[in-house]
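Undergrad: Fold the following, please.
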Amino acid sequence: MGTRRRYKREFKLEAAKLVVERGYSYREAASQLDTTPWSIRDWVKKFRAEGILSGKENPVPEAEEMKRLRKENADLRITNEILKKATAYFAKESQ
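TA: Have a look, this model is predicted:
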C-alpha cells in the first residue's frame with residue numbers, strides 16, 4: 001500500500017490556479033506536479049468554495065483564452081498533417 005503524501009496549502013493553491021487561471025486540464029496539471037487529477041480537482045473545489053478562486057460561472061479570461069488557443073493549436077496540427085499527406089500524394093502522382 002502506498003504512503004499518503006501531504007502538500008502545503010500554497011502548493012495546493014498554485015496547483016488549483018494552473019487549472020482555473022492558466023487553462024490546464026486536471027490531468028496536465030497533475031502530470032506536471034506529480035500528483036493525481038483527483039487531488040487537484042478536490043483542491044479546486046475547496047478553493048472555489050472558500051472564494052479564493054473564481055467559480056465556473058465566472059471563468060478567468062486568461063483561462064478561456066488558453067482553452068481557445070489550445071483547441072486552435074490542435075486544429076492547426078490536424079490541418080498541417082492533412083496538407084503534408086496531400087503534398088506527398090500529389091508529388092507521387094506527378095512523377
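
Undergrad: for the protein, what helix or strand is lowest in average pLDDT?
TA: helix 61-94 (a mean of 87; mean pLDDT, DSSP states H and E).

Undergrad: Next, the residue nearest the centre of the chain: secondary structure please.
TA: Note on the chain: the residue nearest the mean C-alpha position is Tyr24, at 2.3 Å, using CA atoms, centre = their mean. Going by DSSP: H, G, I helix; E, B strand; the rest coil, the secondary structure assigned to Tyr24 is coil.

Undergrad: Over to Arg6?
TA: Look at Arg6: counting by three-state DSSP, its state is coil.

Undergrad: rewinding a little: confidence score at the nearest residue to the residue nearest to the centre of the chain once chain neighbours are set aside?
TA: Once flanking residues are discounted, Tyr24 sits nearest to Leu18: 4.5 Å by CB to CB, 6 or more residues apart in numbering. C-beta coordinates here come from the backbone N, C-alpha and C atoms, glycine included. With respect to pLDDT, Leu18 has a value of 90.

Undergrad: Same check on Pro59?
TA: Looking at Pro59, its pLDDT is 59.

Undergrad: and the gap between the residue nearest to Tyr24 and Leu33?
TA: In this view, Leu18 and Leu33 are 8 Å apart by CB to CB, to the nearest Å.

Undergrad: same question, Glu81
TA: 31 Å.

Undergrad: Appreciated, that's everything.
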